[in-house]
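J.: after the sequence you'll find the predicted model.
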Amino acid sequence: MRRHLIKVIGVCCILLASVRVNSEPPADTRDSIQRRRPVAIVPILQGQQLAVANRDSGTVSVIDLAERKVVHEALIGQRLSDLCATNDPDRLLATDEAAHQLIVLRITPTKCIVERRIDVAPFPVSVRMQSDGTRAFVASLWSRTLSTVDLAADVGAAKPVKLLHLPFAPREQLVIESRESDRANARESVRLVVADSFGSKLAVINPSEPTMESVREFPAHAIRSLRLHPKKRRLLVTHQMLSRLAHTTFDDVHWGSLMVNCFRSLELADVLDPKADLLKHSSLDYLGGPERGAGDPNDFVINQDGIQAIVLAGTDELIVDDGNHGYTRRLKLGSGPTAIALSLDGAQAYVTNTLSDSVTIVQLAEPRVLAKIELGPQPEETSVDRGERLFHNARLSHDRWFSCASCHVDGHTNGLPNDNMTDGSFGTPKRVPTLRGSADTAPYAWNGRFATLSEQIRHSVKSTMQGDALGDQEVADLEAYLRTLPPPPPVGGESKDAITRGAALFQQLDCKSCHAGPALTSPQIVDVKLRDEQGTSEFNPPSLRGVSQNGPYFHDGRAATLDAVFTRFRHQLDRELSTEELRDLIAFLNSL
């Protein structure tokens, strides 16, 4: 079954997509008791209503702003991840992360109708549209792919989608359009800026080919929003920065030296020019301060008057600035706020509260909350629900600087080193590991110091986050949530024959002595011949499930790629591998 799934995902990543038509209106599910988990919001019908994409229920809720209530809800997919307006006021685009589709929706005051389902690369998480409505761009997380969809193509066209594979897992993206002129003619130029979902990379893509013009890094992780300034040619970004030089001591957490929550402005010309210094003309606003941290900045808006409003997902707040970079005003929102959208006149903002299934309406000038709209009746809360809320709550850390999700973005990893002293040593930063699939990979920590997941949770909150000790129920809830996180899926696209040969080589080289069983790990501590700053070379082998998504590699991230693990560091090899053997071994690892 697992090999079949791997094969299917790989084929999906390399084949061009097809278009399907669904003219039947979806069922109304408004009165059902279910978790919705809203993740995207768009004003519709001349700003009279809001369309809200719900992740867990696969529905779109439509809110009437005059009545301030949900007027209908339609089931359109399995796991919705984004929603985007089009140049047609009666149509929206949505992405379905589970069905691997782009969905074209037609909106009326009383219905939300699926017009087309377009297969794209697996795990789509965001969609943006070219202003003329001819193309949509879909970023797919785990398959690391950008799909350029020709929306003008006839239904049933053979090649409506072009795929571009990326060197990182993407999420946020932004379409940049400009007019270029020369002596002969004028033409429109379209570029796409795509951000690393977990780490620090920004790519500039020419979607016409499509080709990648540049991939650069800047000091950031958890990039959660990209927008253009309404009046200046500047790219605005929310993100976090984890310092390699700081430690998880009380002082470094208290003064914001460890985790910085940021609102950054980049000169757009520097972003688009691969030879320019990305940071030379940039500016950076630090959000929050001692005793008032601003954990997990997420989506943001900025209106024509220069008022900026940034969602703080970790503190359940909206932080508002009038253009003077003070960020002193905060408004309380619902639990786990994520997406935000402006009203058509820019006077109000609408925020999705993902973990409390609601939408908050905010007035931006003289900021205040105008209303909170519930999306529907809720089922009884479970331990997993409480654990998800705790995982994303910055109150677990001292002064609310960061949450568990700050380092373990989407339950995964930002790939960065952090000196959290979990291994009992000081001055030996270790790479943040993924928590996906970690429930059955005991023991925990790089030196295997903790026998159970609950021990690791208690220590992380108390020592790494410098927070208050958790109660038994809170620990149980966090553990219950972590146990729901599957390992990262493989990137896919590898040859079946190469995978088979690589699997045989994996056995011949005795890799299974450390990476065995269903979890592809071992409870033993192994000397990997690579020492940390204190001279330790014995570490707990990580699971190889989803290893293609887990770079950089080793305890300190010294190997940037899987190739480097075997070529530069010759990890646990007693002989040289041929070019063909190395290719096959990596194909096998990439399939796990």
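T.: Nice, thanks for sending it over.

J.: strand partners (parallel or antiparallel) of whichever strand or helix holds residue 163?
T.: Assigned by DSSP states H and E, residue 163 belongs to strand 161-165. Partners of strand 161-165 in the sheet, by DSSP bridges, are strand 145-150 (antiparallel).

J.: show residues contacting the partner strand.
T.: 13, 17, 102, 118, 120-122, 124, 134-140, 157, 160-166, 170, 173, 192, 194, 205, 207, 210 (C-beta atoms under 8 Å, 6 or more residues apart in numbering). Placement of C-beta: from N, CA and C, glycine included.

J.: buried only: go through these for me.
T.: 13, 17, 102, 118, 120-122, 124, 135-140, 160-164, 166, 170, 173, 192, 194, 205, 207 (16 or more other C-beta atoms under 10 Å).

J.: can you give me the end-to-end span of stretch 284-293?
T.: Stretch 284-293 has an end-to-end distance of 16 Å (criterion: C-alpha to C-alpha, to the nearest Å).

J.: and what of stretch 350-360?
T.: 6 Å.

J.: switch to numbering from 53
T.: OK, 53 is where the count begins now, so the last one is stretch 402-412.

J.: helix or strand for the residue nearest to residue 197 when sequence neighbours are not counted, which one?
T.: By the measure of C-beta to C-beta, 6 or more residues apart in numbering, the closest residue to residue 197 outside its immediate chain neighbours is residue 173, 3.6 Å from it. Residue 173 belongs to no helix or strand when assigned by DSSP H and E.

J.: and the strand holding residue 215, what's its mean pLDDT?
T.: With pLDDT averaged residue by residue, strand 213-217 scores 94.

J.: what's the answer for stretch 346-358, then?
T.: Averaged across stretch 346-358, the pLDDT comes to 96.

J.: and it, which residues are buried?
T.: Neighbour count says stretch 346-358 has 346-355 buried, by 16+ other C-beta under 10 Å.

J.: if we can go back for a sec, next SSE after the strand holding residue 215?
T.: Per DSSP H and E, the helix or strand that comes after strand 213-217 is strand 222-233.

J.: next, the angle from that following strand to strand 197-202.
T.: 50 degrees (axes from the mean of the first three to the mean of the last three C-alpha atoms, to 10 degrees).

J.: mind listing what strand 222-233 pairs with, with the direction of each?
T.: strand 238-248 (antiparallel).

J.: contacts for the helix or strand that comes right after the strand it pairs with?
T.: Downstream of strand 238-248, the next assigned helix or strand under DSSP H and E is strand 253-258. Applying C-beta under 8 Å, 6+ apart, the contact partners of strand 253-258 are 198, 216, 218-220, 222, 242-248, 263-270, 275, 323-324, 326, 330.

J.: partners of strand 253-258, with directions?
T.: Assessed with DSSP bridges, strand 253-258 is paired to strand 238-248 (antiparallel), strand 263-269 (antiparallel).

J.: flag every buried residue along the longest one.
T.: This means strand 238-248. 242-248.

J.: so residue 600, which of the three states?
T.: helix (DSSP: H, G, I helix; E, B strand; the rest coil).

J.: measure it to residue 273 for me?
T.: 19 Å (C-beta to C-beta, to the nearest Å).

J.: between those two, which is the more surrounded one?
T.: residue 273 (23 against 20; other C-beta atoms under 10 Å).

J.: who touches that one in this structure?
T.: Contact partners of residue 273, counting by C-beta under 8 Å, 6+ apart, are 248, 250-252, 291-294, 461, 466-468.

J.: can you add distance to residue 484 and pLDDT and give those residues back as JSON lines?
T.: Shown next, in JSON lines, are the contacts of residue 273 (distance: C-beta to C-beta, whole Å; pLDDT from 0 to 100):
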{"residue": "248", "distance to residue 484": "14", "pLDDT": "97"}
{"residue": "250", "distance to residue 484": "10", "pLDDT": "97"}
{"residue": "251", "distance to residue 484": "11", "pLDDT": "95"}
{"residue": "252", "distance to residue 484": "13", "pLDDT": "95"}
{"residue": "291", "distance to residue 484": "16", "pLDDT": "98"}
{"residue": "292", "distance to residue 484": "12", "pLDDT": "98"}
{"residue": "293", "distance to residue 484": "13", "pLDDT": "97"}
{"residue": "294", "distance to residue 484": "8", "pLDDT": "95"}
{"residue": "461", "distance to residue 484": "9", "pLDDT": "97"}
{"residue": "466", "distance to residue 484": "6", "pLDDT": "95"}
{"residue": "467", "distance to residue 484": "7", "pLDDT": "93"}
{"residue": "468", "distance to residue 484": "6", "pLDDT": "94"}
